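> Fold the following and give me the result.
(2 chains)
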Number of protein chains: 2
Amino acid sequence: MTQERRGRGRPARKAAEEGPKARERILQAARAEFAERGYDKTTMRGIARAAGVDAALVHHYFGTKDDVFAAAIEVSFEPAMVIPQILGQGAAGIGERLARFLIGIWENPATRAPLLAIIRSALTHEAAAKVLRGFVLRHLLERVAGELDVPDPQFRAELAASHMVGIVILRYVIRVEPMASADPEEIIRIVAPTLQRYLTEPDPVGPGGPATEG
Amino acid sequence: MTQERRGRGRPARKAAEEGPKARERILQAARAEFAERGYDKTTMRGIARAAGVDAALVHHYFGTKDDVFAAAIEVSFEPAMVIPQILGQGAAGIGERLARFLIGIWENPATRAPLLAIIRSALTHEAAAKVLRGFVLRHLLERVAGELDVPDPQFRAELAASHMVGIVILRYVIRVEPMASADPEEIIRIVAPTLQRYLTEPDPVGPGGPATEG
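Residues are numbered from 1 along each chain as shown, chains lettered A, B, ... in the order given. Reported below is the predicted structural model:
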């Protein structure tokens, strides 16, 4: 797996600097740098230093800082892995599987740190927000939406996402009590039926919801 | 209303620098500064300059930068005004009134800018997050919770808040489509029954929600 690949005219490098392992090491370093320093203060040079490679190699694999950020996001979410896991078992229980998956990646400290960096960056920098819109939303929400048999599937997927984004922010970012210390299973139990309604009911309000007036 | 009030031993000031009007002008300047520069780059001196007063007067009225931030938040939300408006008419329709109020303040550009600054600051700076936890959540959510006749009222209020926070972030901060361009009335129609369930049903899952499995 550590094949030595050399670009035409590029100088010879140590085997450790090349191939899939270097790419993965750059992504790990990028996630750590974005998490620690934020979007603004993270540089291509800093990522290269943390990964133990030439800055030129980071450019070679990814292009710009936005591209590294996008790749780091994509690996965090791994949509190719996630989508079948959530959608593969059909519409029944999709609300609970989605809630369980999202709470799960936030309960895990290894995935929480880079996700926190992504959220913070996207909320404070237009460049990072654009990357988030383009990649995560297109790759994650559009694929979820593509599997839904409801009107306005993309809007439905966003309604479900909005609830989970808010839970994440209150629980893991602002850490407001009692939400921050609540049993994850209790949160999943409560939000799952809401997500289910949004994702699978012909009218997202649901057939059995209480009237809002009277 | 422009009574001249002088502290003992403090030098005489222009009438315009003192009294309720100066306090209000400082708060307006603070909201503009926080909105434009973010939490980190806003200084007491900068707020004073924008308000046309001495930095000492800002300290005199508010204390620290955190205190100015807290006061600016509080005025944005005006809980004393808001709570009766949302809760005063009883449990029926509370979900819709809450959704309508929150969408309303975000649809209005005058209130949107300072709120955006608050959210961005709270998500990226622990000091600002602490202020948000302490003031908004205690003053706003605890008062809402105090009116609710359900188990764990504070948790219920946070569940409702989480959904609205997520909607705000997708629609107004990240601006993801179609959420960003959706008719506000359609969003209110859809989220109101969810908020209603969370705030007033004995079990927040609701009596008539679809089963998540099967």
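> show me where chain A has helices.
A:19-41, A:44-51, A:55-62, A:65-77, A:79-87, A:94-107, A:109-124, A:126-132, A:142-146, A:153-168, A:184-200 (DSSP state H).
> so residue A:194 touches residue A:98, yeah?
No - with contact defined as Cβ atoms under 8 Å, residue A:194 does not reach residue A:98; the gap is 10.6 Å. C-beta: built from backbone N, CA, C; applies to glycine.
> okay, and the common contacts of those two?
residue A:160 (Cβ atoms under 8 Å, 6 or more residues apart in numbering or on different chains).
> Settle it for me: which of those two has more neighbours?
residue A:194 (30 against 27; other Cβ atoms under 10 Å in any protein chain shown).
> For chain A, name the helix or strand with the lowest mean pLDDT.
In chain A, the helix or strand scored least confidently by mean pLDDT, DSSP states H and E is helix A:79-87, which has a mean of 72.
> a markdown table please, covering the helices of chain A and showing distance to residue B:126.
Compiled in a markdown table, the helices of chain A are given as follows (distance: least, Cβ to Cβ, whole Å):
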| stretch | distance to residue B:126 |
| --- | --- |
| helix A:19-41 | 13 |
| helix A:44-51 | 23 |
| helix A:55-62 | 30 |
| helix A:65-77 | 23 |
| helix A:79-87 | 30 |
| helix A:94-107 | 18 |
| helix A:109-124 | 11 |
| helix A:126-132 | 20 |
| helix A:142-146 | 33 |
| helix A:153-168 | 17 |
| helix A:184-200 | 23 |
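> so which of the ones you listed comes closest to residue B:128?
Nearest to residue B:128 among those is helix A:109-124; the distance by Cβ to Cβ comes to 11.7 Å.
> The closest one and chain B in contact?
Yes - using Cβ under 8 Å from any Cβ of the partner chain, we find that helix A:109-124 touches chain B at A:119-120, A:122-124.
> For that helix, which helices and strands make contact with it?
Applying 3 or more Cβ pairs under 8 Å, 6 or more residues apart in numbering or on different chains; DSSP states H and E, one finds that helix A:109-124 contacts helix A:19-41, helix A:65-77, helix A:94-107, helix A:126-132, helix A:153-168, helix B:109-124.
> I'd like to know which elements the fourth one is packed against.
Right, the one you point to is helix A:126-132. Helix A:126-132 is packed against helix A:65-77, helix A:109-124, with contacts defined by 3+ Cβ pairs under 8 Å, 6+ apart.
> For the shortest one, which helices and strands make contact with it?
The one in question is helix A:65-77. Judged by 3+ Cβ pairs under 8 Å, 6+ apart, the packing partners of helix A:65-77 are helix A:19-41, helix A:44-51, helix A:55-62, helix A:109-124, helix A:126-132.
> can I get these in CSV with mean neighbour count and mean pLDDT?
Compiled in CSV, the helices and strands packed on helix A:65-77 are given as follows (neighbours: other Cβ atoms under 10 Å in any protein chain shown; pLDDT from 0 to 100):
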stretch, mean neighbour count, mean pLDDT
helix A:19-41, 18, 84
helix A:44-51, 18, 96
helix A:55-62, 18, 94
helix A:109-124, 19, 75
helix A:126-132, 19, 74
